[in-house]
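# have a look at this prediction, sequence included:
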Amino acid sequence: MPLNLRILQLYHRIPHPPRDGGVKAVLHMRQVLENLGCVVRGFALNPSRNRIDPSSLPNSMRDDYLLDIVELDSHIKVGGALAALPFSLPYHLLRFKDSNAAQRLGQIIEGYRPDLILLEGLPIALYRTTLEKFNCKILYRSHNIESDIVRQKAFSLSRWNPLRTWIYAEYRKMQAFERETVRTVDAVLAISPQDLIQLREMAPDRIDHMLHFGYWPTMANSSDSPNRPKQSVWNGERPLRLGFIGAMDWLPNQDALQWLVDEWIPATEGWTNRPEFHAAGRKAPAKFAQKWSAYFFHGEVEDAETFMSSCDAMVFPLRMGSGLKIKAVEAMALGIPVISTMQGVQGMGLEPGIDYLQAENAREFAAVLQDLTQSPNQLQALTERVLLKINNYQEHNLKIKALSTLLEQVTARKGMTPRNENG
């Protein structure tokens, strides 16, 4: 039975184009909700660091989905960071706070009168104070444990680095705000099972209002499209072509590629028929475009699926971050084997050696590749097993049913009335 809910989806960026994980997660959620019979409209900030020209948006997004887009200066500024020191909110989030955006959001809510407001990610949760003026039912979807990423960045720096103290202070502020958000909204969606555990620890009295709801690619069978290049089966007769792709303005991806370049690739130096390493990603720092032996950087590619399909396997040497690594999910959905750390495939319920090849450091990575040269048919076997897991539509349907039940519970008391100034 259709839910027939009006939902307002808020995101701190325009969810277009569908290239990075956050945007894909937002678009995926919109599609799921519409399939459940909901009417979904959006409100988006347009931060300067990720600005999209609104006139470039397809009509289906500009006219039929987004009710408003608010321009925002989100550039990181030393003066802004210093000015934010006395505040309880972290500067990482304060860059997305804007009084004009809050006012326009309030106007949208009054006009659209949604049954439920969906906060996509922690930055947009800054606008909870605006929502509290209305009888809003609020659902928070956590894309990552944001405080964890900041903490990992702090501890990746030398104890003598002056930035470490500031970033650690940011972590403490971020953690407090994240906990407050989880404790005050009506329900929480976690994008991975591991994140769900951490979110429940933040608010143990709210666990009945929390649910794991991940992401699965809508292009799961796109490798069969006549316009999609067929992935060649590697048989050991040519160099193995390995790929890495990710949004390079995201710290965990930068760290992963740096580790790949500094340690993992050098572990194959001097090999006969040495593997080729191909990396791609938008907004990459200039250092990743340098030329190294066996390393090729492609920058931002027009079609991530085509890039991944040109590789024999994808490599995800992540060692920080949380959430779900959507590029790893999509690679597997295309039938491309994955070599990864546990961190790189967390939240996917995969077994090392069965669903993917595990390597936690350069030495283990070299051992995996040596093993592949002896038994190249492993890649084909991995492809067949992981396609069965990724295309588990029964599991997806169960998650959608659980989401539908949660939404019905949250919105059991419909109707929204603006609260008066006296409460």
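Noted; the coordinates are in hand. Numbering: from 1, shown residues only.
# would you mind confirming that Pro2 makes contact with Asn35?
No - assessed by C-beta atoms under 8 Å, Pro2 is found out of contact with Asn35, at 9.5 Å. C-beta coordinates here come from the backbone N, C-alpha and C atoms, glycine included.
# what sits closest to Leu382 if chain neighbours are left out?
Pro337 (4.2 Å; C-beta to C-beta, 6 or more residues apart in numbering).
# let me know the pLDDT of the one you found.
Listed pLDDT for Pro337 reads 92.
# that one contacts Phe316, doesn't it?
No - using C-beta under 8 Å, Pro337 is not in contact with Phe316; the gap is 11.4 Å.
# Gly42 should be in a strand, yeah?
Yes - Gly42: assigned to a strand according to DSSP: H, G, I helix; E, B strand; the rest coil.
# how about the contacts made by it?
8-11, 15, 30, 65-67 (C-beta atoms under 8 Å, 6 or more residues apart in numbering).
# cool, Met202 as well?
So Met202 contacts 178-179, 182-183 (C-beta under 8 Å, 6+ apart).
# of the residues you listed, which is the nearest to Trp160?
Ranked by distance to Trp160 (C-beta to C-beta), those are led by Glu178 at 28.4 Å.
# after the host helix or strand of the closest one, which helix or strand is next?
Secondary structure from DSSP states H and E places Glu178 in helix 162-184. For helix 162-184, the succeeding helix or strand toward the C-terminus, using DSSP H and E, is strand 187-190.
# elements contacting that following strand?
strand 138-142, helix 193-202, strand 210-212, helix 393-410 (3 or more C-beta pairs under 8 Å, 6 or more residues apart in numbering; DSSP states H and E).
# dump those to a markdown table, plus distance to Gly270.
Shown next, in a markdown table, are the helices and strands packed on strand 187-190 (distance: least, C-beta to C-beta, whole Å):
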| stretch | distance to Gly270 |
| --- | --- |
| strand 138-142 | 45 |
| helix 193-202 | 38 |
| strand 210-212 | 45 |
| helix 393-410 | 44 |
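# would you mind finding the most buried of those?
strand 138-142 (a mean of 25; mean count of other C-beta atoms under 10 Å).
# ranges for the strands of the stretch 201-350 of the chain?
210-212, 241-245, 276-280, 295-297, 313-316, 338-340 (DSSP state E, counting those that start in this stretch).
# can you redo those strands as JSON lines with distance to Ile138?
Shown next, in JSON lines, are those (distance: least, C-beta to C-beta, whole Å):
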{"stretch": "strand 210-212", "distance to Ile138": "14"}
{"stretch": "strand 241-245", "distance to Ile138": "34"}
{"stretch": "strand 276-280", "distance to Ile138": "37"}
{"stretch": "strand 295-297", "distance to Ile138": "42"}
{"stretch": "strand 313-316", "distance to Ile138": "33"}
{"stretch": "strand 338-340", "distance to Ile138": "35"}
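# those: which one's closest to Leu324?
Using C-beta to C-beta, those put strand 210-212 closest to Leu324, at 10.0 Å.
# fine by me, thanks again.
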